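In: what's the 3D shape of this:
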Amino acid sequence: MATPDQKSPNVLLQNLCCRILGRSEADVAQQFQYAVRVIGSNFAPTVERDEFLVAEKIKKELIRQRREADAALFSELHRKLHSQGVLKNKWSILYLLLSLSEDPRRPPSKVSSYATLFAQALPRDAHSTPYYYARPQTLPLSYQDRSAQSAQSSGSVGSSGISSIGLCALSGPAPVPQSLLPGQSHQAPGVGDCLRQQLGSRLAWTLTANQPSSQATTSKGVPNAVSRNMTRSRREGDTGCTMEITEAALVRDILYVFQGIDGKNIKMNNTENCYKVEGKANLSRSLRDTAVRLSELGWLHNKIRRYTDQRSLDRSFGLVGQSFCAALHQELREYYRLLSVLHSQLQLEDDQGVNLGLESSLTLRRLLVWTYDPKIRLKTLAALVDHCQGRKGGELASAVHAYTKTGDPYMRSLVQHILSLVSHPVLSFLYRWIYDGELEDTYHEFFVASDPTVKTDRLWHDKYTLRKSMIPSFITMDQSRKVLLIGKSINFLHQVCHDQTPTTKMIAVTKSAESPQDAADLFTDLENAFQGKIDAAYFETSKYLLDVLNKKYSLLDHMQAMRRYLLLGQGDFIRHLMDLLKPELVRPATTLYQHNLTGILETAVRATNAQFDSPEILRRLDVRLLEVSPGDTGWDVFSLDYHVDGPIATVFTRECMSHYLRVFNFLWRAKRMEYILTDIRKGHMCNAKLLRNMPEFSGVLHQCHVLASEMVHFIHQMQYYITFEVLECSWDELWNKVQQAQDLDHIIAAHEVFLDTIISRCLLDGDSRALLNQLRAVFDQIIELQNAQDAIYRAALEELQRRLQFEEKKKQREIEGQWGVTAAEEEEENKRIGEFKESIPKMCSQLRILTHFYQGIVQQFLVLLTTSSDESLRFLSFRLDFNEHYKAREPRLRVSLGTRGRRSSHT
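Out: Numbers count the residues shown, from 1 in each chain. The predicted model follows:
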């Protein structure tokens with residue numbers, strides 16, 4: 001049984017060399033080392049790795065040699081080998097057998113040798129980007145079929161990478177060790193003729209049957225030596241004429257320039273920022289132009305290398321920038337592979353003198369052909385470097401993505417490959433954010449920004465924002481908004497709602513871009529796969545968040561409570577509260593105490609339908625006293641308040657609550673006007689019968705009734721407008737939007753629109769300042785009417801009471817048998833009645849003045865309404881003056897309503 005050492009690859013390879021050459025281990029040491037070097041190299045056969053094709057070639061070769069029985073036996077053995085899983089690289093074994101069977105003694109023609117220069121390519125796994133196009137493919141497997149085979153394979157598929165030119169394509173058959181060259185004295189007779197091998201395609205030495213005579217071998221070796229010496233002397237140049245430069249010397253300089261290193265005759269001109277051939281060099285114009293064209297690769301290489309060297313050491317460049325540098329390094333590595341192939345070919349020609357015919361295989365014209373594709377790639381990379389200067393993160397990815405919008409498939413393939421590497425960190429950030437809510441963006445590359453100074457109560461509004469400059473161009477604004485909302489919802493649930501539910505239970509987590517290849521696959525289907533992932537995470541996360549807010553924190557219930565209490569929707573509660581508060585609120589504001597008002601509030605809650613609300617809602621309802629100004633009464637500073645905290649404070653922010661407070665004060669004041677006019681009407685009904693015995697007072701009462709009726713009509717129309725056209729319509733729109741909301745932002749936006757609408761239509765915005773001032777003046781006139789009427793009724797009732805007392809006193813005296821009144825008392829009574837009658841015109845004058853002021857204010861209010869841009873306000877003016885009572889007194893109101901609207905729209 002063989003020991004483990006005997007099964008090692010080195011031992012087996014040495015045994016193979018001994019078996020082929022028929023010598024001992026000591027005699028094949030040099031050949032063994034050469035074989036180890038070949039097998040350990042990175043070169044690979046340049047033929048299509050097709051096991052069936054190689055097997056068919058072997059069978060055809062056997063049939064050509066009229067060995068049909070061996071061909072049939074080979075087919076059977078190949079079938080048995082294929083059915084067993086012992087060997088993994090069956091193609092390599094068959095290719096080795098085919099190579100060993102070839103006869104290397106057939107010298108290829110010069111034409112076929114040149115044809116093979118462009119008939120080879122690297123294997124499929126030797127390029128950096130996944131782009132293929134039609135080009136001559138592989139070297140034929142047999143020498144005699146090269147010309148025909150190369151023509152047949154010209155339309156096959158190959159690589160287009162920078163390193164797409166193999167070493168075999170440059171040199172044709174590779175040199176052999178000196179010990180195996182024909183004519184060497186130490187080679188044993190019968191070992192075979194010159195042993196040849198193609199770098200990257202042959203794995204062992206082939207051995208011929210018999211060797212020609214030493215004299216013939218020596219004569220064959222002379223041309224090789226002569227050609228080698230001639231080429232080398234031509235490459236080194238004539239020492240006597242230093243100014244004359246051979247093409248071989250230019251080739252050597254060009255290879256150095258390709259790496260950014262100055263050559264002997266081609267150097268970098270820093271002034272003009274380009275490579276130039278020295279002016280004293282004796283060169284033809286064509287060679288000089290060709291050298292300058294080739295040196296452009298060195299300039300492009302330097303530009304890319306300079307960018308990568310500077311940015312690779314800059315940590316602030318971020319992960320996206322480092323990925324971009326890594327992609328450039330990868331492309332430069334492919335470029336260096338080409339240069340290594342060219343250098344090794346040049347070195348082989350120098351060391352062993354192997355040439356195709358009598359000419360060097362490396363010429364400037366061939367370099368132009370071989371470097372055509374690499375030059376396109378380097379130009380594209382240099383353009384990317386220029387376009388990406390000063391950019392980082394998502395902005396850098398956008399700059400790279402802009403170069404994919406080209407009609408050149410070769411350039412698009414290269415840029416898409418780089419984009420897959422550059423965008424991988426961005427997609428990693430993105431998936432970490434939408435699936436875990438984590439944002440690890442040390443260098444501010446992601447388009448979602450976080451502000452750590454923001455407190456929890458402002459997390460939703462201020463903590464996370466979009467960096468619009470960092471949004472990659474392959475991600476739409478709608479997608480970026482959804483990405484922001486997904487991660488924000490996860491953090492809101494964890495930090496504000498204290499819901500620690502794992503993300504995997506909210507979202508069906510799919511496979512993310514774990515590698516650049518995954519990112520590249522994702523780019524091919526941005527509109528479906530990527531959009532599907534974003535939409536799924538967005539809908540599931542938002543739905544879970546809204547469920548938590550509605551079920552656990554009763555968001556919709558709190559919204560309805562705002563409508564009932566702060567917007568006066570609970571009518572019985574508001575009316576009863578106003579009745580209970582009236583004795584307190586008529587007092588000066590400085591004499592009010594909040595605990596007294598809070599007790600009254602609780603009494604009103606227990607006495608109305610508000611008692612059936614949730615205790616959580618009633619606990620948040622409270623009384624608030626506004627800032628007191630001199631002369632204010634309780635009506636001016638009283639306000640209801642609703643405490644919000646936790647997650648619902650995200651919807652009902654401080655700004656929103658201040659809007660609610662403004663609207664409540666306006667509605668409370670309007671409700672108080674209605675309450676005052678109701679009391680005025682009650683006073684009319686109660687005092688009408690009492691004052692019937694005072695006919696001289698009927699004119700005053702009539703004026704009070706008329707003015708109060710005007711005010712009642714005005715307030716009723718305003719209340720209808722505010723309650724139904726503003727509050728109810730806006731609330732219905734809000735409720736519909738909330739029911740259809742897909743995320744919390746939709747609810748917040750709908751709520752803000754609701755508040756803005758009622759603020760503007762209740763004349764509380766800046767544009768309606770003049771209207772609001774006129775409306776407040778109307779309210780002030782209503783209060784003036786109440787005060788004037790109270791004073792008139794008080795005087796009238798006092799007069800009535802005195803008259804009744806006088807009559808009662810007179811009747812009492814008559815019952816007692818005395819005179820009812822004396823002359824002095826009657827004179828005094830008549831004098832007092834006369835004084836009262838004299839005060840009635842003053843009362844009438846006061847009412848007329850009040851009426852005049854009131855009607856003037858209303859007319860001005862109607863003029864402002866008719867010129868308003870809001871259609872609902874213009875129709876409100878029509879309802880307020882439905883019988884054209886004010887139109888007859890104000891010329892500005894006599895213009896038609898349509899004309900006013902058109903005039904206001906033009907202005």
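
In: tell me what the helix or strand harbouring residue 719 is packed against?
Out: Applying DSSP states H and E as the criterion places residue 719 in helix 698-720. Helix 698-720 is packed against helix 654-690, helix 769-815, helix 823-866, helix 871-880, with contacts defined by 3 or more C-beta pairs under 8 Å, 6 or more residues apart in numbering; DSSP states H and E. (Each C-beta comes from the backbone N, C-alpha and C, glycine too.)

In: tell me which residues in the first one are buried?
Out: The reference is to helix 654-690. Residues of helix 654-690 classed as buried by neighbour count (16 or more other C-beta atoms under 10 Å): 656-657, 659-668, 670-677, 680, 683-684, 687.

In: if we can go back for a sec, quick one: which of the helices and strands packed on helix 698-720 is nearest residue 733?
Out: Residue 733 lies closest to helix 871-880 among those, at 13.8 Å (C-beta to C-beta).

In: ok, residue 383 - how many residues close by?
Out: Using other C-beta atoms under 10 Å, residue 383 is surrounded by 15 other residues.

In: Can you tell me the closest non-neighbouring residue to it?
Out: residue 403 (7.2 Å; C-beta to C-beta, 6 or more residues apart in numbering).

In: Tell me, how many residues neighbour the one you found?
Out: 19.

In: how much space between it and residue 384?
Out: 6 Å (C-beta to C-beta, to the nearest Å).

In: Give the residues shared as contacts by the two.
Out: Common contacts of residue 403 and residue 384 (C-beta atoms under 8 Å, 6 or more residues apart in numbering): residue 415.

In: ranges for the strands of this structure?
Out: Ranges of strands within the chain are 132-134, 157-159, 266-269, 274-277, 448-450, 464-466, 621-625, 638-642, based on DSSP state E.

In: Let me have those strands in TSV, extended by mean pLDDT, distance to residue 17 and mean neighbour count.
Out: Listed next are the strands of the chain as TSV, based on pLDDT from 0 to 100; distance: least, C-beta to C-beta, whole Å; neighbours: other C-beta atoms under 10 Å:
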stretch	mean pLDDT	distance to residue 17	mean neighbour count
strand 132-134	32	38	12
strand 157-159	35	33	20
strand 266-269	88	44	17
strand 274-277	86	47	18
strand 448-450	94	64	18
strand 464-466	94	68	17
strand 621-625	94	99	17
strand 638-642	95	95	19
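
In: would a markdown table of the ones you listed with distance to residue 709 be doable?
Out: Converted to a markdown table, the strands of the chain look like this (distance: least, C-beta to C-beta, whole Å):
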| stretch | distance to residue 709 |
| --- | --- |
| strand 132-134 | 93 |
| strand 157-159 | 97 |
| strand 266-269 | 100 |
| strand 274-277 | 97 |
| strand 448-450 | 62 |
| strand 464-466 | 57 |
| strand 621-625 | 35 |
| strand 638-642 | 29 |
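
In: Residue 412 is nearest to which of those strands?
Out: Relative to residue 412, the nearest member of the strands of the chain by C-beta to C-beta is strand 132-134, separated by 12.5 Å.

In: Let me know the pLDDT of residue 320.
Out: We have a pLDDT of 92 for residue 320.

In: And the helices in the stretch 201-350 of the chain?
Out: Taking DSSP state H, counting those that start in this stretch as the criterion, the stretch 201-350 of the chain carries its helices at 214-236, 247-258, 285-312, 318-352.

In: what's the closest non-adjacent residue to residue 292?
Out: residue 277 (6.6 Å).

In: Could you tell me how far the one you found is located from residue 368?
Out: Counting by C-beta to C-beta, the gap from residue 277 to residue 368 is 15 Å.

In: And residue 753, by the same measure?
Out: 68 Å.

In: got it, and residue 421?
Out: If you go by C-beta to C-beta, the gap between residue 421 and residue 368 works out to 30 Å.

In: Next, find the distance separating the residue located most distally from the centre of the chain from residue 805.
Out: In the chain, the residue that sits farthest from the middle, by C-alpha atoms, centre = their mean, is residue 817; the gap is 107.1 Å. To residue 805, residue 817 is 21 Å away according to C-beta to C-beta.

In: Then residue 815?
Out: 16 Å.

In: before we move on, what about residue 834?
Out: In terms of C-beta to C-beta, residue 834 sits 18 Å off from residue 805.

In: so what's residue 59 up against?
Out: 71, 74-75.

In: Which of residue 421 and residue 368 has more residues huddled nearby?
Out: Using other C-beta under 10 Å as the criterion, residue 421 and residue 368 rank with residue 421 on top: 22 against 13.

In: Output the below-cut-off pLDDT ranges for the stretch 751-900 of the chain.
Out: 820, 895-900 (pLDDT under 70).

In: hmm, I was thinking of the stretch 1-150 of the chain
Out: 1-7, 40-49, 103-150.

In: The stretch 151-300 of the chain now?
Out: Those would be 151-243, if you go by pLDDT under 70 across the stretch 151-300 of the chain.

In: sorry, back to before: quick check: bridge partners of the residue nearest to residue 292?
Out: Going by DSSP bridges, residue 277 is paired in beta bridges with residue 266.

In: can you pull the contacts of it?
Out: 265-266, 283, 288, 291-292 are the contacts of residue 277 under C-beta under 8 Å, 6+ apart.

In: now residue 449
Out: By C-beta under 8 Å, 6+ apart, the neighbours of residue 449 are 441, 464-467.

In: Include distance to residue 591 when you put these into JSON lines, please.
Out: Below are these laid out as JSON lines (distance: C-beta to C-beta, whole Å):
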{"residue": "441", "distance to residue 591": "59"}
{"residue": "464", "distance to residue 591": "49"}
{"residue": "465", "distance to residue 591": "49"}
{"residue": "466", "distance to residue 591": "53"}
{"residue": "467", "distance to residue 591": "56"}
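
In: out of these, which one sits closest to residue 54?
Out: When those are compared against residue 54 (criterion: C-beta to C-beta), the nearest one is residue 441, at 53.8 Å.

In: Please verify my assumption that that closest one contacts residue 430.
Out: No: under the criterion of C-beta atoms under 8 Å, residue 441 makes no contact with residue 430, lying 10.9 Å away.

In: Of these two, which one has the most company?
Out: residue 430 (27 against 21).

In: Quickly note the distance from that one to residue 746.
Out: Taken as C-beta to C-beta, the span from residue 430 to residue 746 is 22 Å.

In: go on, residue 889?
Out: Taking C-beta to C-beta, one finds residue 889 at 49 Å from residue 746.

In: Neighbour count for those two, which is higher?
Out: More crowded of residue 889 and residue 746, by other C-beta under 10 Å: residue 746, with 16 against 12.

In: contacting residues for residue 391?
Out: Contacts of residue 391 (C-beta under 8 Å, 6+ apart): 398-399.

In: Next, give phi and psi for it.
Out: Per-residue torsions, residue 391: phi -110, psi 160 (degrees, to the nearest 10).

In: that older thread, export the helices and strands packed on helix 698-720 as JSON lines, with columns for distance to residue 317.
Out: JSON lines is the format used below for the helices and strands packed on helix 698-720 (distance: least, C-beta to C-beta, whole Å):
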{"stretch": "helix 654-690", "distance to residue 317": "40"}
{"stretch": "helix 769-815", "distance to residue 317": "54"}
{"stretch": "helix 823-866", "distance to residue 317": "61"}
{"stretch": "helix 871-880", "distance to residue 317": "57"}
